[in-house]
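Asker: Using only what follows, build the 3D model:
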Amino acid sequence: QVQVVESGGGLVQPGGSLRLSCAASGFTLDDYDIAWFRLAPEKEREGVSCISSRDGTTYYPDSVKGRFTISRDNAKKTMYLQMNSLKPEDTGVYYCNVHMYGVDYWGQGTQVTVSS
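Answerer: Have a look, this model is predicted:
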């Protein structure tokens, strides 16, 4: 059974950092592309990073480039999103995602709130 479970969200002040984790089960982490998305109130879902299974290439939109870093630990079956220099506009629910055989698998999400 494929499952991904996010953790690590919380309340942080602007300029602060958080590291999100995504624990994977039911599949081999490095066999598939893995991504992080976020959903903020009254905004569309936004992809904030992904990492290629083939060669580890990473992708970030301009909104987070230079501040967020995606990584994975295959031995621990966990993916991470290191978020630095957080801004209020980074507030939202963060989800990890794996796409396999035409199906998207999502976790329950973890709330990130950036506020003073």
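Asker: Next, please give the residue ranges for the strands of the protein.
Answerer: Taking DSSP state E as the criterion, the chain carries its strands at 3-7, 10-12, 18-25, 34-39, 46-51, 58-59, 68-73, 78-83, 92-100, 103-106, 110-114.
Asker: Touching, K43 and G92? I think so.
Answerer: Yes. Using CB atoms under 8 Å as the test, K43 is close enough to G92 to be in contact (7.5 Å). The way it works is simple: take the backbone N, C-alpha and C, and place the C-beta from them, glycine included.
Asker: Among these two, which residue is more densely surrounded?
Answerer: Between K43 and G92, counting by other CB atoms under 10 Å, G92 is the more crowded of the two (21 against 11).
Asker: Now do stretch 45-63: distance from first to last residue.
Answerer: From its first residue to its last, stretch 45-63 covers 13 Å (CA to CA, to the nearest Å).
Asker: most centrally placed residue in this protein?
Answerer: W36 (3.0 Å; CA atoms, centre = their mean).
Asker: For that residue, name its beta-bridge partners.
Answerer: When assigned by DSSP bridges, W36 has beta-bridge partners S49, C96.
Asker: can you offset everything so residue one is 49?
Answerer: Yep, numbering from 49; the last one is W84 now.
Asker: Tell me how far it lies from G56.
Answerer: In this view, W84 and G56 are 11 Å apart by CB to CB, to the nearest Å.
Asker: For those two, list the residues in contact with both.
Answerer: Jointly contacting W84 and G56 under the rule CB atoms under 8 Å, 6 or more residues apart in numbering are L68.
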